[in-house]
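Chemist: based on what follows, work out the 3D shape:
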Amino acid sequence: MKDFFKSVLASIVGIFISSFIIGGVLVLLFFGFIGVLLSSSSDTFVLKNNSVLTIRLTGVMKDRVLENPIIEFFNLGEAKEMALTDILSAIKKAKENDDIKGIYISSGYFMASSASLTEIRDQLSDFKESGKFIIAYADDYMQGGYFLSTVADKVIMNPQGSLNLQGLSANPTFYKGLLDKIGVEMQIFKVGTYKSAVEPFILDKMSDASKEQVGSYMNDIWSTILGKVSESRGISVERLNQLTDTLPAFQEGEFSVKNHLVDTLMYESEVRQYLKTLLGVDDSKNLNVASVADMITVKDIKKSKSTDQIAILYAEGSIVSGTKPTDINDKYLIKEIEKLQDDDNIKAVVFRVNSPGGSAYASEQIWKAVTDLKAKKPIVVSMGDYAASGGYYISSNASKIYAQPTTLTGSIGIFGMFPNVAGLTNKVGLSFDNVKTNKFSDYGDITRPMSEQEKAILQQYIERGYNLFLSRCSEGRNIPRETLEKIAEGRVWTGKQALEIGLVDAIGGLDDALKEAAKLASVSDFSIREYPKQVSPFEALFKTQTEDIATRALKEYLGSDFLLLKTIKDIKDLKEQDFIQARMPYSLQLN
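Modeler: Purely as a prediction, here's the structure:
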């Protein structure tokens with residue numbers, strides 16, 4: 001018995017000591033992490049002479065990216081995000097800085113819209129005016145990477161690599177069959193023949209109108225892409241289409257060289273040696289490189305000292321009602337707009353919109369804030385990958401609107417969706433009863449189908465919302481209502497098409513919008529301020545995040561379908577979410 005108590009006591013002491021040691025290790029790891037975070041956030045990159053800016057295309061591209069120090073420190077395997085603004089800034093600095101002699105594009109596996117890639121491509125074209133070189137390389141070229149890389153002086157591919165050129169396709173998922181099986185009916189209310197965001201819930205294939213609009217904007221995007229590749233590579237568009245139909249990805253590398261799709265085949269080690277040759281660096285010496293992240297702390301040689309400022313206000317994501325700094329929360333964004341309105345140093349605003357839409361109510365609130373701002377100073381919209389439906393709503397009353405030729409915009413229309421789960425509850429044996437004081441006291445009850453009178457009331461409400469949307473766009477764009485009605489109907493247009501019908505004013509990127517804003521404000525020397533303010537990695541660590549790691553993983557796995565899943569969740573709780581949506585149907589990535 002004595003030995004037993006000795007053994008138990010030893011175990012307890014061992015557990016205590018182990019817990020103390022583990023706790024101490026965790027504390028040390030935490031403070032070590034904080035130390036690394038603080039030291040990395042204060043580091044300033046020293047740019048060496050005779051350097052090459054390296055742009056590595058990998059992960060998912062967004063307009064702006066908030067660093068997540070926890071993910072990066074513990075290497076949790078989340079898909080890396082690239083910031084379009086960081087890439088554009090790095091290219092600008094590289095053009096003006098004599099220490100950088102050229103740019104090396106390393107194209108990997110990534111996701112980006114053709115509009116974002118066009119913005120980078122145009123910036124690279126501007127860089128070439130400096131006389132410095134651009135070299136592009138990939139083990140395997142994806143379509144987006146190849147489109148961007150063709151602007152280079154030399155396009156290089158691995159001898160065992162591939163070039164994926166196969167055209168564009170849209171493959172929406174339809175949920176009607178699944179909903180029928182589980183006994184859920186989606187009750188749909190919409191205005192707009194082309195407002196096809198609801199189709200996955202009520203059809204098992206695309207409607208003729210949806211196929212018409214998707215085919216129209218996809219062919220226009222593909223034509224624009226091939227036009228730029230044709231100009232850079234000296235291959236006719238007709239020939240490029242012929243080559244696309246051979247599936248170059250499954251051809252030998254020499255096929256791409258022979259048909260002038262790439263210039264030469266090299267292994268990556270040989271490309272590094274080639275870069276040394278261009279720089280006049282001895283084989284035994286290291287190549288001086290600067291990454292896009294490195295360039296963030298490199299000073300801008302042309303930075304203005306003027307007190308006059310032009311603000312860039314970013315609005316990226318779905319439009320929702322709320323105060324959170326994620327997505328486009330109306331109350332949060334309106335506060336940012338009011339700051340710009342009251343700041344006398346800010347002479348004009350560039351409103352960078354990258355949104356497929358969302359809440360019709362929230363869109364109207366943001367529209368009002370933009371209108372109030374416009375009354376005091378110029379506001380120029382720069383459309384990103386999308387500025388459609390609600391995204392167009394909040395853009396429509398700007399002083400001027402710029403879009404990329406492949407931006408997806410328009411989609412002027414709204415819809416509402418109410419689930420009826422009576423079939424599901426019957427299947428599982430649930431029943432409900434009801435006592436009410438008034439005729440519509442139980443309006444919004446998802447356990448029963450709507451009455452015809454309820455449906456008529458909601459349809460009238462949707463139509464009033466659509467008429468308001470039309471009025472806002474008609475007044476903002478100075479387009480007669482009867483003319484606008486013909487190009488609305490929920491139809492999605494490319495930026496190029498939108499210019500032809502008057503929905504935007506000009507084709508161009510963020511820089512073009514900045515120049516126009518300066519012109520409208522009559523300022524020639526100005527500095528740029530970005531809003532909302534980006535928090536530092538240290539602030540991000542202690543800032544409450546609304547998305548946990550599981551949600552982020554789900555978004556990564558489902559991709560664009562996550563938006564549809566979220567829509568179902570949102571319309572389920574009518575007390576917290578606006579069930580009337582101004583949203584475009586599908587997203588389109590150039591992979």
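
Chemist: how about the nearest residue to Lys154, chain neighbours excluded?
Modeler: Leaving aside its chain neighbours, Lys154 sits nearest to Asp263 (4.9 Å; criterion: Cβ to Cβ, 6 or more residues apart in numbering). Placement of C-beta: from N, CA and C, glycine included.

Chemist: which stretches of the stretch 351-500 of the chain form strands?
Modeler: For the stretch 351-500 of the chain, the strands defined by DSSP state E, counting those that start in this stretch cover 357-359, 379-388, 400-403, 408-410, 414-420, 492-494.

Chemist: so which of these gets nearest Ala209?
Modeler: strand 492-494 (11.1 Å; Cβ to Cβ).

Chemist: now that closest one: mean pLDDT?
Modeler: For strand 492-494, mean pLDDT rounds to 96.

Chemist: cool, and stretch 361-378?
Modeler: 96.

Chemist: can I get the CA coordinates of that stretch in CSV?
Modeler: Presented in CSV, the C-alpha positions along stretch 361-378 are these (Å, rounded to 0.1, in the frame of the first residue of the first chain):
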residue,chain,number,x,y,z
TYR,A,361,-31.1,48.2,-48.6
ALA,A,362,-27.4,48.6,-47.7
SER,A,363,-26.6,49.6,-51.3
GLU,A,364,-29.1,52.4,-51.0
GLN,A,365,-27.6,53.7,-47.8
ILE,A,366,-24.1,53.7,-49.3
TRP,A,367,-25.5,55.4,-52.5
LYS,A,368,-26.8,58.3,-50.3
ALA,A,369,-23.4,58.7,-48.6
VAL,A,370,-21.7,58.8,-52.0
THR,A,371,-24.2,61.4,-53.2
ASP,A,372,-23.5,63.6,-50.1
LEU,A,373,-19.8,63.3,-50.7
LYS,A,374,-20.1,64.2,-54.4
ALA,A,375,-21.9,67.4,-53.3
LYS,A,376,-18.6,68.6,-51.6
LYS,A,377,-15.8,67.1,-53.7
PRO,A,378,-15.3,64.9,-56.8
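
Chemist: for it, buried residues please.
Modeler: 361-371, 373-374, 377-378 (16 or more other Cβ atoms under 10 Å).

Chemist: ok, those residues vs Phe250, which is closest?
Modeler: Ser363 (45.2 Å).

Chemist: doesn't Ile319 make contact with the closest one?
Modeler: Yes. The pair Ser363 / Ile319 is scored as a contact, 5.4 Å apart, by Cβ atoms under 8 Å.

Chemist: hmm, back to that, wait, isn't the residue nearest to Lys154 in contact with Ile156?
Modeler: Yes. Taking contacts as Cβ under 8 Å, Asp263 lies within contact range of Ile156: 6.5 Å.

Chemist: the more surrounded of these two?
Modeler: A side-by-side neighbour count of Asp263 and Ile156, using other Cβ atoms under 10 Å, places Ile156 first with 22 against 17.

Chemist: a strand runs through that one, doesn't it?
Modeler: Yes. Under DSSP: H, G, I helix; E, B strand; the rest coil, Ile156 sits within a strand.

Chemist: follow-up on the earlier one: between the strands of the stretch 351-500 of the chain, which gets nearest to Asn50?
Modeler: Nearest of those to Asn50, taken as Cβ to Cβ: strand 379-388 at 34.9 Å.

Chemist: name every strand pairing with the closest one and say which way it goes.
Modeler: Counting by DSSP bridges, the strands paired with strand 379-388 are strand 346-355 (parallel), strand 400-403 (parallel), strand 408-410 (parallel).

Chemist: could these be laid out in TSV, adding distance to Glu199, mean neighbour count and mean pLDDT?
Modeler: TSV is the format used below for the strands paired with strand 379-388 (distance: least, Cβ to Cβ, whole Å; neighbours: other Cβ atoms under 10 Å; pLDDT from 0 to 100):
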stretch	distance to Glu199	mean neighbour count	mean pLDDT
strand 346-355	21	26	97
strand 400-403	25	27	98
strand 408-410	17	31	96
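
Chemist: okay, how far is it across stretch 397-406, tip to tip?
Modeler: One end of stretch 397-406 sits 21 Å from the other (Cα to Cα, to the nearest Å).

Chemist: actually stretch 388-400, not the one I typed
Modeler: Span of stretch 388-400 from end to end, Cα to Cα: 16 Å.

Chemist: stretch 401-409 too?
Modeler: First-to-last residue span, stretch 401-409, Cα to Cα: 11 Å.

Chemist: and that stretch, how far from the chain's centre?
Modeler: Averaging C-alpha positions (Cα atoms, centre = their mean, to the nearest Å) puts stretch 401-409 14 Å from its chain's average.

Chemist: contacts only, for the closest residue to Asp330 other than its chain neighbours.
Modeler: Spatially, and ignoring its direct neighbours in sequence, Asp330 is nearest to Ala362 (3.8 Å; Cβ to Cβ, 6+ apart). By Cβ atoms under 8 Å, 6 or more residues apart in numbering, the contact list for Ala362 reads Ile319, Val320, Ser321, Ile328, Asn329, Asp330, Gly390, Asp578.

Chemist: closest one of those residues to Ile501?
Modeler: The closest of those to Ile501 turns out to be Gly390 (Cβ to Cβ; 19.4 Å).

Chemist: isn't that closest one right next to Glu364, touching?
Modeler: No. The pair Gly390 / Glu364 is not scored as a contact, 9.2 Å apart, by Cβ under 8 Å.

Chemist: which residues do those two both contact?
Modeler: Common neighbours of Gly390 and Glu364 are not found (criterion: Cβ under 8 Å, 6+ apart).

Chemist: from Glu252, how far out is the residue lying closest to Glu129 once chain neighbours are set aside?
Modeler: For Glu129, ignoring the flanking residues on the chain, the nearest one in space by Cβ to Cβ, 6+ apart is Lys95 at 7.7 Å. Distance from Lys95 to Glu252, counting by Cβ to Cβ, to the nearest Å: 37 Å.

Chemist: compare these two and say which is more crowded by neighbours.
Modeler: Shown here are Lys95 and Glu252; by other Cβ under 10 Å, Lys95 has more neighbours (20 against 13).

Chemist: quick one: contacts for the more buried one?
Modeler: Here Lys95 is in contact with Asp126, Phe127, Glu129, Ser130, Lys132 (Cβ under 8 Å, 6+ apart).

Chemist: check which helix or strand it maps to.
Modeler: helix 84-96 (DSSP states H and E).

Chemist: for that helix, which positions count as buried?
Modeler: Across helix 84-96, burial judged by 16+ other Cβ under 10 Å covers Leu84, Thr85, Asp86, Ile87, Leu88, Ser89, Ala90, Ile91, Lys92, Lys93, Ala94, Lys95.

Chemist: find the nearest non-adjacent residue to the residue nearest the centre of the chain, please.
Modeler: With distances taken as Cα atoms, centre = their mean, the residue of the chain nearest its centroid is Lys62 (4.3 Å). Leaving aside its sequence neighbours, Lys62 sits nearest to Glu81 (Cβ to Cβ, 6+ apart; 5.7 Å).
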